[in-house]
Structure formats: structure tokens, C-alpha cells
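Q: structure for this input, please:
(chains A and B)
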Amino acid sequence: MPESIRFLLGNELQELSGFDPQMTVLEWLRTRVRRTGTKEGCAEGDCGACTVALGEVVDGAMRYRAFNSCIQLLPTLDGKQLVTVEDLAVQDASGESLHPVQQAMVDQHGSQCGFCTPGFVMSLFTLFHQPAIQATNGPALDRQRIDEALAGNLCRCTGYAPIVRAVVQAMEQAPVDQFSNRQEELVAKLQPLQRDSMLQLEFQGRRFFAPRTLAEVWELLRLYPAAQLVAGATDVGLWMTKQLRVFDTVISLCQVSELPRIERDEAAGTIAIGAAVTYTDALATLVSAFPEMRRMLSRLGAVQVRNAGTMGGNIANGSPVGDMPPALIALGARLLLSSSAGRREIPLEDYFIEYGKQDLQPGECVEAVVLPLPVAGQHYAVYKLSKRFDQDVSAVCAAFCIRLQDGKVIDARICFGGMAGTPLRARSTEQVLLGQPWNDETLPQVMTRARAALAEDYSPLSDWRASREYRLLAAQNLLRRFFLETTSTEPAQLCGPGQAGTRA
Amino acid sequence: MKAKAPTAQHPLAVHQALPHDSAIKHVTGRAHYVDDLPEPAGLLHVYVGTSRVAHGRIRQLDLEEVKRFPGVCAVLTAADIPAVNDISPMHTLDEELLASEFVHFCGQVLFAVAATDRDSARRAARLARMDIEELPAILDIESALAQEAYVSPPHEMQRSDARAAIAAAAHRLQGELRTGGQDHFYLEGQAAMSVPQEDGDLLIYSSTQHPSELQHLAAQMLGRPDNAVTVEVRRMGGAFGGKETQAAQWALLTALVAHQTGRPAKLRLDRDDDMISTGKRHDFRIRYEVGYDDAGLISGADIELASLCGMSADLSGPINDRAMFHSDNAYYLPNVHILSYRCRTNTVSNTAFRGFGGPQGMMGIERIMDAIAADLGLDPLQVRRANLYDGPGRDTGRNVTPYHMTVEDNILPQLMDELEHASAYRERRAAIAEFNLSSPVTRRGIALTPVKFGIAFTTTFMNQAGALVHVYKDGSIHLNHGGTEMGQGLFIKVAQVVADAFRVGLERVKITATNTSKVPNTSATAASSGTDMNAMAALDACTTIRQRLVTFAAGKYAVAVEEIRFEHEMVRIGTIERTFAQLVMEAYLGRISLSSTGYYRTPKIHYDRATASGRPFLYFAYGAAVSEVEIDTLTGEYRLRQVDILHDVGRSINPAIDLGQIEGGFVQGVGWLTSEELWWDQKGALRTHAPSTYKIPVSSDVPEKFHVNIWPGGESHEPAIHRSKAVGEPPLMLAISVHSAINQAIASVRPGRALPALDAPATPEKVLLCIERLRRHPA
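A: The predicted structure is shown next:
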């Protein structure tokens, strides 16, 4: 039974055993190997000061992505390359040469206090290594792309302007650095570290498993019924760093061969997304089928969170303010659950029983979410309201999906997040809309009834994200927006960030 | 996005756009913050246990389980403090290091636990059993006012009879505005490490803006003289006022542990605890009544400020004074009365934050300008311009502030003209009016607001600074001064001044950590005064050494003093040339002292608080901004579409650094007025205590069209260092233009009515509810 993990730290092979498997990557970097360049700003994956790059071999080439090391569990480094801010500059006989992204940050005065800087440098490093960016460097990187790339990094000093200028400078250059130059060597070093059997770690009674098959997951759940499943740990990580929770057994789903699947089945008219698919990996498939989801997906967490976080995790933990469930429920998504006893499929909304309680049986795990592909006459929209446009938890998340035939509503599915203890469908409102003509003439009376129905469907709470009054009023107004957007070409909402004008 | 910094005209180190001295260390991760320093052997990690109630009497504190937790070496309470249990910065003795008998806010520290690792200390701290008898708590301004609960007595400022002037005016209006607090959200949380020295002395590394105060408080707490404690700070990972007084508590706890155990001790707060247990910007309630004529010219203003100070005085006195000092912002108020209440509440003690009360004071008068314009149907810019203080070439007697200081350097009339033109304010305002007529869902607004900010500590004695400069015999220079580096670029600016003083390259100057054993009795690095004061002190030291070198060279080479010139790493002594390093070595061999202290006290300033009159400021810094926003009338969301800024930094010592302060200060101000909302529950517990719930701006909140310019040809009216001007705080208040523009956009929903009463922060919720009020009550 393997009791150690192996990974590259920069260029150096590390083999670790006898460590707490619930230790975070940041804790290990700062306290065990005293690489103090990587900073802790919040210990909850929201500020990006701890950003590191993880390199993996994908299709024979190195692929780098940014992660929040403060909530990344150390065992997840197994078989990967960990790159920190200390690794970027090259030392040789002539002295030190900064990495192009570091040089750009210096040239553009992108640091003031410097504490967030290593995190920004690492986000820029992964941007520098994005194949899509490399193929079309320079002008293709518009401000919106830059903002999306930086949304997971907070800076309190600069106001971001010089950092944006640094991104522009760095991306104008050929994407060549010591890492691209050494790619073959790195691939060769990482290949032998890949394992084909389950990673199992135990230290002072704390266990960590990274099973390779669903059958192994089910068996582990039988052996350790109280085990905590993780699929990215962007939420569970906080339970550890903030609530100081300790789990006897953690089972990571990220290596299960059946779970990363993304399958589009035209015959069945479905898309199936495995529970361990990260948002980053799901994005292209989801957006190609549901372009209306793009705006929300690009605001869900930030790059670092989307690289680690999974739809399966977002659903499984039952958060009342997760952004995916409303978007999926409105589409009529179904949830595939499995255990050693077999599989079952339920409508996604039925999974959320009440606040803190889900329909997850002992020994069971979320295997996939199955979405029906759009049908003729379907109109769909997802709206997210938050105090800050990027990287914020929704005050209200709204998803509307109606189907029109001969100008009348023949199917309506409306789901809100942030309006109740669970994501919840607006059943009365749906009933009001059903059978109604969907056009300007009927709008006033239908809307009046629908607004009233929404007030019946929901009794939201007041909290730090929004008051009850705002939530209800905004929910009603979002229904109006949905109507405006599906019946008119007039601009009915603000443009995205970084764009100069409205969406007209 | 474009940003222009004036290019260097001067071939020497000053007035050049040089990178931050630590830029390469920042980007490579080699810049050390407190938690990055090498850890001494036997280091203990300290954590704290805090109150969960806002006001109460401590019946019993059961720490047995805390003590029993594996790895715990010490658990300390108020009873373990050797001498004085106090951390109040102004000797008000109203804030304990560890609560002894009563707790006064949710998050107040009751005990400290020291363990062999931080994780154990944190876990152990949560095992305490606290029996606290809850007492009635005052949680808001209204309750405090009703009970006359103040941290210091109400204070007034007036000139002639405001009430009579308002009564006699052609037009009158009154209103109320609330501004929320703001968490500093420095990226590096509070951190400190104490290392025991001989004789029971301590060396404290702290992330603090005020090493001397921290030194004194630590010594006082331990019952030792100040000379038993040395405080060092190389840099902070951001501070913004949040480490002026708020750093002391955590450093003192490490000092206490080090003192009691004889072992080095470190404390680094978790972000959530940092936000819960440290002070923030004061919330304000501003009420006003003004009288004015048909052109919007104000004849009388009566302004009442009430601020939420929290459980102790901290710096609330001078902060509220500064709010009063900026209640006029850039406008002449001929008859004026300003009344200030400093409310004591059972919340964390609010503290310094960039602007130090000035921003809140300015928000009131800028709201008044918008309200008058709405009332008279005028362009708010026209009203603002009409009320400005006299500028150069215009002396109509409208140049005296409510505190009887004459404004001598007002460049705003010209600066605002240039900005109005450069930003095409007039054309865009017309286009926006057009847009708003035809846009069904979104609306736009634009506003130009000025800033006039007084430079100096209003507590006069604090306007002094010291420096220490050594020239080593190889010609290298060691620079030390009392200012601290928090990212603002103080160190590079002072180093530029020093290099210029000797006409040598900047690489000769070694910048060193602020240390109370090198320069004593320093003031906080605050009030935007860091460069003004410390660079002057450093220049004084350099001048002393330079004069010694000149005197020595004149004697040695029998050349008149006037014929000795320092230029480009060389010293010309008549016809003789020596490199700087050569002359230094010669001077050393000639037994000349090559080390000097330097000192500076700000001239001209004086203030009599009893009569609220005098000259509290040496000069004013000026700037103005135009912001354009678009709001969504269905959801209250908004976008900042364009910002144009013109800001005066005098003759900039480092235009790149100054530009960074302007851009960064502005965006921080935008956060304060828009998305940053502190939310307390009914029990007085802060519920927005992490970046997941407290939202500072991110990159996408900054518009692509962000045009920031330094006022060309600016020059300080006063003999400030190289005729530059302070820049740290003033740009934050340029963000008032954003709040004003949002309100203008809201007003377009029902044009021609009284100005909407949008409070701050203008969250989407506040914007939508404002719109809804207009819609429901169109009349």
C-alpha cells in the first residue's frame, strides 16, 4: 500500500510520507519547506495571495493552472508539478533574469505593498501558459479576458490599473520561458509519478484516499461511513481552515476514472457531467449547449476556484446559495446517485430537501448530473445578483426556462437560489405563466399576477448579502428582465465588466 | 486604459519615475513580512480567545481545557500582565490589552494561548468556557446619542451666525446622509513576533505604522522603561491606517508571552479574527441645513456629524476633528456651524483609515452641492464652481475656512476647468441626458467632484520626524528614518532625496528597516505626511554630512567652499576632481564624522482647539475627478464606465509612485462608497468578516477608460520637500464622484425632483430601493 506522495516542487522531485493528509499545500510550503513567497491572505480561497500553479501532463504536454494553495489538500499534488513564485526567475552565471510576467509587473509598477504580488504573478504565469492565449497573444486579450483572469486575486493598493498594464505587456511577448523550454524534460519526469492504483495515506489516525474507480469509492464508503467526500475541496477546505474541522477519513473523487466524464448524447438528448468535472473543464461543453450560462459561469468563483471546484461538489454540499443548482434545475437536470447497491436518478430539485438536508443515502455518492439538451421554442436565462460583479456569492440567483409554442408558454421552469433554505422552484409563478401568450400586449396583467405569485413562492431572509425586501423585489424584476430579453431587442441589462457600452 | 506620468526633466534621482525599491523582491517572493522572517528556535505561536457578546461582565473564565490541549505552553489573562493593562494610543486608558472585568464588544480579546505551533494554539483557544453576564449594549449612533454615550465631548466649530444666514436665504434645504464603515483589508493581516534579549529586554518585529507608540505601550505594559524594548518593521503588506494603533495589541500579546515564558513568540491573526477584532473606518450620520441664493451660492451652512466610534476613544478625537476640518471641502461657507458627536458604542473601536475622517466630512458637503443643484435645476458642477474658495488671481474675500485658516494655494478653479475640458464633461452630460430619455432599463449619470485635503497632523506636536544617515568609508550610504513602508513608496522617495543630496546614484543608498533604536520618538507614518517629514529629516542629515565633507575638502585643498560642487558621483573641489567614494575615504582618514542624525518639524502650523481656530495645515493637496456610471433600474447593479482624474502632487519626487497612489486611493474610495458593506447582526456581531462576504473592488470594477493624470506643472506653495505634495490620502476622496454619479443616474428615473437620498455604500440593494422609493412616490 503506497503511503507516500510524489510530485515536483519546481524542478525537484519530492516524496512525502508521514504527514497529515489534511494539511494544505500552503501550510506545507510556508511551515515545512519555508517557501514563504506564497502568502496567506484569507485562508478561504477568496483573495488569491496564495495562488500557485499546478502542472499536469495532458495529451503529452504540460498544462498549468492556478489554484488557491490555502484550501488545496497536500495529497492532491501527487503526480503533479507544483510551481511557486520562487521558481519563476532564472539564475545563471550572468545573474538573475526575471520571468516575463515578473518583469512586466516591475516595469508597470504593479506592486506596492507587495503582499498580493506573488499571487498575481502566479495567475499571470498560468495565463502566460494558456494554449489559447499563446495561439493568439496580444490583441486577443481584451480587457474582459484580463479581468476574468485576475478576478481571483485581490489587491488593496494599486487599484489594478498597473497590473492590467503588466498583463498586456507580458502577453505581448512570445510565450517562451524556462518551463516551455524544458517541457519534454518535465513530462518525462512526471510520467513515472503517475499511478494506476488508489492513493492511500494514513497519519495519526487520519486517512486520505484517492480511489480510481467508483467501485472503490463505494467500498470505502462502506468501510468508512462517516468519510468526507471531496471533489475539489473549495468548500470543504474552508471547513478545515476556518471551522478547524478534522475528518477521520477523506475520500477525494478527483482520480475516479468514471467521474471526469463529459458526454453529449444527441440520441438521448442529454449532456452528462461527471461529479468530478471542474468548472473549467465543463465550461466549453456547457456554453456550447447553453450560451446563456456563460455570463454566470464566468462569474462563478474565479479562475482558481473554477480550476478546483466541481459541479458535483457544488450540488452535493447542498448550499442554498450555490449558483449551479438553480441554473440546472430550470433546465430540468437530473441527478445520478450511485452506491454499491446500485444507481438511481432523481430530479435535481428533489435532492435538496431542506436547509442542511439532502437526499443522499449512506454509502451513496453523486455520480453525475444529466441535462436535457435545448428543444425548439426553449428560452433560457440565468441571472446572478451580488454586491460585487465578480467573485461574489449570489444574493439572488435566478434561472428561467420556458418553452413557447404558437406564442404561448407551454412549459415553464423557474428556480431561484438565495431565496430559501435550498434552491427552490417557483411553482406558483410557473403556473401563472403556463398557457399565457408571451408578448407585449399581455405583459402587464401577467406580470402583475406573476409578481404576486413570486411573493407566494418565496419568503426570503434578510442577511448580510441582501434584505428580504431587496431579494423579493429583485426576483420580480428579474422575471421582467427575462420577459424583456425574450420579447425585445432593446438592451435590458448592463454590459459585462470592462466593456464600454451597453449590450445593445 | 492609459495612464500618464510626467517624464523626468531632472537628470538626478529626484523627480524620476523609478520602480518601488522592493519591486523585484515583491515579484520573486523574497520580500520578507513578519511571518516570513526566519523563526528563532523555541518559537511559540500565540492565539487569542475572544468575547462572543457585545457587552457583559465576566463571571468566570474557565481555561482548563485550553491549558490541557497538546502543545500548549502558556495561557495568559489580564491577571498575568505585569504592569499596565492598556493599549489606548492617546492615554485615555479605556482599552484593555486583555479584558479583565467587562467586555465591551463582540471580538474583544479575553486571553492568549501560546503553543508550539499555530494550529494547536488556534484549536486550544476555542476550548475556553466563558461565563459572561450580558449587559445592555449600545450598537448604533441613534442609541448612543439618545444616551449621550460619547468617547469624547461634542465639539463645535463656527464662524458668524449660520442659523440667521440660513433663515435669511432665498432658498433652504436640509437632509441626511449615512456613510458606512470600511475594513482596511490590508492583504497582510496583523502579525508580530517578540524575541527576548538580555536583561529581559525585547526585540519586537511588528507590522505597524507606529513603532514608537508600540514600543512605549509594550514597555508600559511590562513595567519597563522604553529603552528595554526595540521595535523593528521592514515593511507592511498594506496598512491604510489599520496598523497605526491596531497593530499594538497583537505585538503586546507576543511581548507578554515572551516576557512570561522567556521564549520567542509570534502571533498572526486569521483573516476572520482580524476583521472581527480590529477597528475600521467610522460610520457617520451627517445632517445638514443650508441656505443659498438663486445661483446656488451658499450663505449659511449648519452641519451635524455623528460618528460611530466603538468602545473606546482610540484616535476618534482627531478623526472627528478632521471630519469637521473637511466639512467645507473646497467651498467657502461664509456663515457656518459644525457640530460633532463622537458616539461610544459596544462595537470594535473604530480607528484611522486613509483620509482619517476627511472623506466623511467631504461626503456631506458634496451631497449638499448635488442637492442644491437638483433643487435649482442647475448642473451640479456650476454650483460647485460658484462656491469654490478664491483661487490665484481672484480675491473676493472668500478664502477663510470654518476654522479661520486662510486658503492661499487653491488651484481648483484652473484644475477643474482643465479636467472639465479634457474629460468632455459638458458634452457627455448632454449625451447622457439624451440616453436617459430613450433607455428603458439602464440609466447613466456623471459627476465631477473636487478634493481639497489639509496636510499635517492636526495634533501639532506629531509634526516632527527624525532620520539617521551613515556614509561608510567605501562611499556606500546607510539610510534610516522614522517613517514606515506600507507599500506607499516612502522608502524609495526618501532614498531618492538622499541620493540627490549627495548627487550620487540611487544604488549607493541602502534602505533599512525602521527601528526605534536608530531613530527615537517617531510619529506614526500617517496623515499622508511620511515623505514630507521623513525626507526633510533625511535631507537635514545629509546636509550636515555634506557640509562636513565640504569644510574638510576646502581645508585640505585650500579651495573656497563655494567652489566645491557635488555632481554625478563626483565632487569638484576647484579644479580637482574626486569621486564621491574617494572624498569620503579622505574625510574618514582626516577624522571627519560621516554619520548624522537629521530632524524636521513642520513650520507655520498652530491650532487652538478651544476656539477651533488656527492654521492646522501647512498646505492643501488638490484634485478632481469625473466619473460616469450606468445603473440597472431593475436590479440596482451598476458599472463604472469612465473615470478621468487630474490630481495635484506638487513637483512629484517620483511620478510612478504618485500615480500608483492616485489610482489605488481612488479605487479604495470606490470600494468604500459602493461594494464594501459591513453588516452587524442584532447582537452586535460582525457577519461580514472575510473576503467571501466583504467585497473590496476587483479588477473588473475598474473601468477600461481610467484616465489618471498628474497635474502638470504642479508645485507646492510651501517649501515642502523638493516642492512636492503629499499624496497618500487625498486621492481616496476623488471617489466621491462615483457616488454622486450613481445618485445622478438614479435621479434620472424621476427627473426634476429632489435629489435621491442614496447612502453609502451604494450597494445594488441601496440603489434599487432608492429607485423604488422614487417610483412609488413620484410626487
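Q: quick one: residues contacting residue B:624.
A: With C-beta atoms under 8 Å, 6 or more residues apart in numbering or on different chains as the criterion, the residues that contact residue B:624 are B:412, B:415-416, B:419, B:448-451, B:645-647, B:734. For glycine as for every other residue, the C-beta is placed from the backbone atoms N, C-alpha and C.
Q: most surrounded residue in those?
A: In terms of neighbours by other C-beta atoms under 10 Å in any protein chain shown, the contacts of residue B:624 top out with residue B:451 at 32 neighbours.
Q: tell me the buried residues in the strand or helix carrying that residue?
A: Per DSSP states H and E: residue B:451 is located in strand B:442-455. By neighbour count, with 16 or more other C-beta atoms under 10 Å in any protein chain shown as the criterion, the buried positions of strand B:442-455 are B:442-455.
Q: for the residues you listed, work out which two are farthest apart.
A: Across the buried residues of strand B:442-455, the longest distance by C-beta to C-beta is 40.1 Å; it joins B:442 and B:455.
Q: for stretch A:447-462, output the C-alpha coordinates as PDB.
A: Only the C-alpha atoms of stretch A:447-462 are listed here, as PDB (Å, rounded to 0.1, in the frame of the first residue of the first chain):
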ATOM      1  CA  MET A 447     -46.600  40.300 -14.800                       C
ATOM      2  CA  THR A 448     -48.800  41.600 -12.000                       C
ATOM      3  CA  ARG A 449     -50.000  38.100 -11.300                       C
ATOM      4  CA  ALA A 450     -46.600  36.600 -11.600                       C
ATOM      5  CA  ARG A 451     -45.100  39.200  -9.200                       C
ATOM      6  CA  ALA A 452     -47.700  38.300  -6.700                       C
ATOM      7  CA  ALA A 453     -47.100  34.600  -7.300                       C
ATOM      8  CA  LEU A 454     -43.300  35.100  -6.700                       C
ATOM      9  CA  ALA A 455     -44.200  36.600  -3.300                       C
ATOM     10  CA  GLU A 456     -46.100  33.400  -2.600                       C
ATOM     11  CA  ASP A 457     -43.400  31.100  -3.700                       C
ATOM     12  CA  TYR A 458     -40.700  32.700  -1.600                       C
ATOM     13  CA  SER A 459     -40.200  34.100   1.800                       C
ATOM     14  CA  PRO A 460     -36.600  35.100   1.700                       C
ATOM     15  CA  LEU A 461     -34.500  36.000   4.700                       C
ATOM     16  CA  SER A 462     -32.500  39.200   5.400                       C
END
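Q: pull out the buried residues from that stretch.
A: Neighbour counts over stretch A:447-462 (16+ other C-beta under 10 Å) mark A:447, A:449-451, A:453-454, A:457-458, A:460 as buried.
Q: hang on, the earlier thing: may I see the contacts of residue B:624 organised as a markdown table, with distance to chain A and pLDDT added?
A: As requested, the contacts of residue B:624 are arranged in a markdown table below (distance: C-beta to the nearest C-beta, whole Å; pLDDT from 0 to 100):
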| residue | distance to chain A | pLDDT |
| --- | --- | --- |
| B:412 | 23 | 98 |
| B:415 | 21 | 98 |
| B:416 | 22 | 98 |
| B:419 | 18 | 98 |
| B:448 | 19 | 98 |
| B:449 | 17 | 98 |
| B:450 | 20 | 98 |
| B:451 | 16 | 98 |
| B:645 | 11 | 98 |
| B:646 | 16 | 98 |
| B:647 | 13 | 98 |
| B:734 | 11 | 98 |
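Q: related to what we said a few turns ago, partners of the strand holding residue B:451, with directions?
A: For strand B:442-455, sheet partners with direction are given as strand B:619-632 (antiparallel), following DSSP bridges.
Q: with just CA atoms, put the strand holding residue B:451 into CSV.
A: As requested, the backbone C-alpha atoms of strand B:442-455 are provided in CSV (Å, rounded to 0.1, in the frame of the first residue of the first chain):
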residue,chain,number,x,y,z
THR,B,442,-30.4,51.3,-17.8
ARG,B,443,-29.6,54.9,-16.8
ARG,B,444,-26.4,56.9,-16.7
GLY,B,445,-25.0,59.6,-14.5
ILE,B,446,-21.9,61.7,-14.5
ALA,B,447,-20.3,63.9,-11.8
LEU,B,448,-17.2,66.0,-11.3
THR,B,449,-16.1,66.4,-7.7
PRO,B,450,-13.1,68.2,-6.3
VAL,B,451,-10.9,67.4,-3.3
LYS,B,452,-9.1,69.8,-1.1
PHE,B,453,-7.2,68.0,1.7
GLY,B,454,-5.3,69.5,4.5
ILE,B,455,-1.7,68.3,5.0
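Q: for whichever helix or strand comes after that strand, give me every contacting residue.
A: With elements assigned by DSSP H and E, the helix or strand that comes after strand B:442-455 is strand B:464-471. Identification of contacts with strand B:464-471 by C-beta under 8 Å, 6+ apart yields B:477-483, B:494, B:498, B:502, B:518-523, B:533-534, B:536-538, B:540-542, B:545, B:584, B:594-602.
Q: and with 7 Å instead?
A: Strand B:464-471 is touched from outside by B:477-482, B:498, B:518-520, B:522-523, B:533-534, B:536-538, B:540-542, B:545, B:584, B:594-601, with contacts defined as C-beta atoms under 7 Å, 6 or more residues apart in numbering or on different chains.
Q: report the buried residues of that strand.
A: Buried residues in strand B:464-471, defined by neighbour count with 16+ other C-beta under 10 Å: B:464-471.
Q: between the buried residues of stretch A:447-462, which is closest to residue A:26?
A: The nearest one, if we look at these relative to residue A:26 and count by C-beta to C-beta, is residue A:460, at 35.9 Å.
Q: checking the closest one next. Helix, strand or coil?
A: At residue A:460, secondary structure determined by DSSP: H, G, I helix; E, B strand; the rest coil is coil.
Q: my guess is it meets residue A:471, correct?
A: Yes: using C-beta atoms under 7 Å, residue A:460 makes contact with residue A:471 at a distance of 4.0 Å.
Q: what touches both of these two?
A: Overlap of the contact sets of residue A:460 and residue A:471 (by C-beta under 7 Å, 6+ apart) consists of residue A:419.
Q: show me what the longest helix along chain B packs onto, helices and strands only.
A: For chain B, the helix with the greatest residue count under DSSP state H is helix B:530-557. Here helix B:530-557 is seen to pack against strand B:464-471, strand B:477-481, helix B:490-502, strand B:564-567, strand B:570-573, helix B:580-589, strand B:595-601 when contacts are counted using 3 or more C-beta pairs under 7 Å, 6 or more residues apart in numbering or on different chains; DSSP states H and E.
Q: wait, does the strand or helix carrying residue B:193 contact chain A?
A: Taking DSSP H and E as the definition, one finds residue B:193 inside strand B:191-196. No: Strand B:191-196 lies apart from chain A when judged by C-beta under 7 Å from any C-beta of the partner chain; the minimum separation is 10.2 Å.
Q: next, format the buried residues of stretch A:447-462 as TSV and append distance to chain B, pLDDT and secondary structure.
A: As requested, the buried residues of stretch A:447-462 are exported to TSV (distance: C-beta to the nearest C-beta, whole Å; pLDDT from 0 to 100; DSSP: H, G, I helix; E, B strand; the rest coil):
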residue	distance to chain B	pLDDT	secondary structure
A:447	12	89	helix
A:449	19	95	helix
A:450	14	95	helix
A:451	12	95	helix
A:453	18	97	helix
A:454	14	97	helix
A:457	19	97	helix
A:458	16	97	coil
A:460	12	96	coil
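Q: looking at this, residue B:144 is in a strand?
A: No: if the criterion is three-state DSSP, then residue B:144 is helix and not within a strand.
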